[in-house]
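Peer 1: Below are the sequence and a predicted model; questions follow.
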Amino acid sequence: MSSRLDGIGASAGIALGPAFLHQAEVPEIHAYQVDDRIAEAIRLEDAVALALERLKRLESHALAQAGSDASEIFEAHRMFLEDPSFAGAAIEIVRSQGLCAQAAISVAAGELASEFGDIGDEYFSQRAADIRDIGTLVIRQLLGLGEGGFSHLIEPSVIVAGDLTPSETVSIPSGMALAFVTDVGSPTSHTAILARGLGIPAVVGVGGNRIESGVTLAVDGEAGTVWIEPEQSTIDLLMRRKSEIDAGRARAASHASEPAVTGDGHRIEVVANIANPDDAVRALELGAEGVGLFRTELLFLDRGAVPTEEEQYEAYRQVFDVFGHLPVVVRTLDIGGDKGLPGIDMGEELNPFLGKRGVRFTLAEPSLFRTQIRALLRSAVDANLKVMLPMIASLAEIEAVREQVDRARAELADEGVPHAVHYEFGIMIEVPAAAITADLLAPHVDFFSIGTNDLTQYTLAADRTNPAVSSLADPFHPAVLRLIAQTIEAAHAHDKWVGLCGELAGDPVAAPLLLGLGLDEWSMSPPAIALVKERVRTLLREDCRVIAATCLQATSPVQVRRILEGV
């Protein structure tokens, strides 16, 4: 007998297959007292270090396979584990009470998770789940249980669970997850973010599902519907839709290495967001025509100390070697907000996202900044380097940075060290002040790159990672679109090019809008490249200009989406 469950569509796509019921593997803990507290504390510290290494690998894997939103989940997990109120508290329990390491980390994780859970807010409830996941990761290391996961998953299946932790989700072998169906969750939950990044259909929030292992499920990740033992008519309808979707994706993938040229002959540049040399190789394979955002801060964060000039030089050189003559936009160190830096005292700030982050931090640490610039210039002797500054809000900041760059160049010249002489110098437009004064800034730079993730949340005063207000942090909001349009117009008036490296660039729905606004370079997570290129090929530039003008007159993000859905 066929039945239907309705939940929340969290990741679009159609899937049909057997249900695989996943039960979270919670290690059994037997608490006991230890004789050697010092040795036990060291054992816990070692397990924490191994767990951190595991999170770094997951972060890198998520970035390459699912994009920046996915990788930020594991970055946040690392920060939790490095926080003294978590691992440090567990180590202190061992030292003061003589409790075994696994019990101590369980107690510390439970107490911290309860603090978040008791707040009664969805955002903080998600943080509580994060902490429990991290605690389990450390406990598995202590008990020698390995990484756990889906060893019993032997055929491609629809994964059904109460919930899925981030580490579980990205640990599923490639091709084995046809879809996700969970009892809990929201469009902003970690399962939803990871599913979208991985291109896997997902329905969350079905609540107390009645699904048995092995039954056939049909999943519509856009509508948020799950059919149990669906009727043949339903299967036929869904499979026709799936065939159309799959054919479109296959067609796009087969032409991924070809340029994105509109129907009336206008070519746009499609490049990638990367974080390390491994990402560079993957991006090139998926059709990237260069790099629009090289997040250099991850080279700093994935280690216990600030990398030396030689270590940075080697990492940058590897990326330039991969892309040869193709453009590589390198964002200078973007630290602050939710990102700390090993070995550097960041200080306490009441609101770090409005504090010393991005270029504000690097200007306050001139020696650290010049070391990075020296490494970049040395590594890019024969490369197409474009240096980009984050969080610029004023001309004074641009001038101060240019002074530091000139000093680094002079040092290299005096030392007789080969270095790049010809390169471009640009800024990110992610602070509304920079967008509003783009006409004043454009004469002093070679290019702009719009970071819509931060520009959106700063413009709308809404944290996109906070479910309580995330619906407000919509890049399709007319206010954000007008700032984008104003930025592009100002740059083009001074014959400067404009890129966009926020998540909006990788959304095929936004393609007509961005094309109509005159965007020159589109930078995105590598898996999105093929679909965006394919979408651009179906468009006419003149038509898109009319569409963009209409969107700029809209009064809400909903209205903008309705306009774009009709294209």
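Peer 2: Nice, I can see it. Because the structure is a prediction, the values reported are computed rather than measured.

Peer 1: In this structure Gly197 contacts Ser525, no?
Peer 2: Yes: between Gly197 and Ser525 there is a contact under C-beta atoms under 8 Å: 7.1 Å. All C-beta spots, glycine's among them, are computed from the backbone N, C-alpha and C.

Peer 1: Count the neighbours of Thr262 for me.
Peer 2: 19 (other C-beta atoms under 10 Å).

Peer 1: With the one 10 residues further on instead?
Peer 2: Using other C-beta under 10 Å as the criterion, Ala272 is surrounded by 29 other residues.

Peer 1: and if you look at Glu258?
Peer 2: By other C-beta under 10 Å, neighbour count at Glu258 equals 12.

Peer 1: That one touches Lys533, doesn't it?
Peer 2: Yes: counting by C-beta under 8 Å, Glu258 does reach Lys533; the two are 7.2 Å apart.

Peer 1: Now do the shared contacts for these two.
Peer 2: Gly287 (C-beta atoms under 8 Å, 6 or more residues apart in numbering).

Peer 1: Show me what the one helix or strand Val319 maps to is packed up against.
Peer 2: When elements are assigned from DSSP states H and E, Val319 belongs to helix 309-323. Here helix 309-323 touches helix 277-285, strand 291-295, helix 297-301, strand 327-331, helix 366-379, going by 3 or more C-beta pairs under 8 Å, 6 or more residues apart in numbering; DSSP states H and E.

Peer 1: Any idea which of these gets closest to Ile529?
Peer 2: Nearest to Ile529 among the helices and strands packed on helix 309-323 is helix 277-285; the distance by C-beta to C-beta comes to 7.7 Å.

Peer 1: And this protein, what are its domain boundaries?
Peer 2: 3-24+150-232, 37-143, 261-565 (automatic domain parsing).

Peer 1: Output these as CSV; include the columns mean pLDDT and distance to Arg251.
Peer 2: Putting these into CSV (pLDDT from 0 to 100; distance: least, C-beta to C-beta, whole Å) gives the following:
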stretch, mean pLDDT, distance to Arg251
domain 3-24+150-232, 87, 15
domain 37-143, 84, 21
domain 261-565, 91, 7
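
Peer 1: from the helices and strands packed on helix 309-323, which stretch is densest packed?
Peer 2: Stretch with highest mean neighbour count among the helices and strands packed on helix 309-323: strand 291-295 (a mean of 27; mean count of other C-beta atoms under 10 Å).

Peer 1: hang on, isn't Trp283 packed against Val291?
Peer 2: One correction, residue 283 is Ala, not Trp. Yes: using C-beta under 8 Å, Ala283 is in contact with Val291, at 7.0 Å.

Peer 1: Need the residues touching each of the two.
Peer 2: In contact with both Ala283 and Val291: 272, 274, using C-beta under 8 Å, 6+ apart.

Peer 1: Off-centre distance for the helix holding Val319?
Peer 2: Relative to its parent chain, helix 309-323 has a centroid offset of 22 Å by C-alpha atoms, centre = their mean, to the nearest Å.

Peer 1: And the next helix or strand past the longest helix anywhere in the chain?
Peer 2: When the chain is parsed with DSSP state H, its longest helix is helix 37-66. Downstream of helix 37-66, the first helix or strand assigned by DSSP H and E is helix 68-82.

Peer 1: hmm, back to that, please write out the alpha-carbon positions of the helix holding Val319 in CSV.
Peer 2: What follows is helix 309-323, C-alpha atoms only, in CSV (Å, rounded to 0.1, in the frame of the first residue of the first chain):
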residue,chain,number,x,y,z
GLU,A,309,57.3,32.7,4.0
GLU,A,310,58.8,29.6,2.5
GLU,A,311,55.8,27.4,3.4
GLN,A,312,53.4,30.0,1.9
TYR,A,313,55.6,30.3,-1.2
GLU,A,314,55.4,26.6,-1.8
ALA,A,315,51.6,26.4,-1.4
TYR,A,316,51.0,29.4,-3.7
ARG,A,317,53.5,28.2,-6.3
GLN,A,318,51.7,24.8,-6.5
VAL,A,319,48.4,26.6,-7.3
PHE,A,320,50.1,28.8,-10.0
ASP,A,321,51.7,25.8,-11.5
VAL,A,322,48.2,24.1,-11.9
PHE,A,323,46.7,27.1,-13.7
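
Peer 1: how big is the angle separating that helix from helix 366-379?
Peer 2: 40 degrees (axes from the mean of the first three to the mean of the last three C-alpha atoms, to 10 degrees).

Peer 1: So what touches helix 309-323?
Peer 2: 274, 276-277, 280-281, 284, 290-291, 294, 296, 299, 307, 328, 330, 371-372, 374-376, 378-380, 382-385.

Peer 1: which residues touch Leu217?
Peer 2: Here Leu217 is in contact with 15-19, 158, 160, 179, 181, 211, 226-228, 230 (C-beta under 8 Å, 6+ apart).

Peer 1: Can you point out the buried residues in the helix or strand containing it?
Peer 2: Assigned by DSSP H and E, Leu217 falls within strand 216-220. By neighbour count with 16 or more other C-beta atoms under 10 Å, strand 216-220 contains the buried residues 217-220.

Peer 1: Then stretch 18-27?
Peer 2: 19-22.

Peer 1: So which of those sit within strands?
Peer 2: Using DSSP state E, the subset of the buried residues of stretch 18-27 located in strands is 19-21.

Peer 1: just those residues now: which is nearest Ala364?
Peer 2: Closest to Ala364, out of all of those and judged by C-beta to C-beta, is Phe20, at 51.3 Å.

Peer 1: so what's that closest one bridging to?
Peer 2: Ile159 (DSSP bridges).

Peer 1: give the contact list for it.
Peer 2: 150, 153, 157-160, 213.

Peer 1: Report how many residues lie close to the spatially closest residue to Val509 that is not a sequence neighbour.
Peer 2: Excluding its sequence neighbours, the residue lying closest to Val509 (C-beta to C-beta, 6 or more residues apart in numbering) is Leu564, at 5.4 Å. Leu564: 21 surrounding residues under other C-beta under 10 Å.

Peer 1: can I get the domains of the chain in a markdown table with distance to Ala252?
Peer 2: Below are these laid out as a markdown table (distance: least, C-beta to C-beta, whole Å):
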| stretch | distance to Ala252 |
| --- | --- |
| domain 3-24+150-232 | 12 |
| domain 37-143 | 17 |
| domain 261-565 | 4 |
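
Peer 1: Ok, which of those domains comes nearest Lys242?
Peer 2: Of all the domains of the chain, domain 3-24+150-232 comes closest under C-beta to C-beta, at 3.8 Å.
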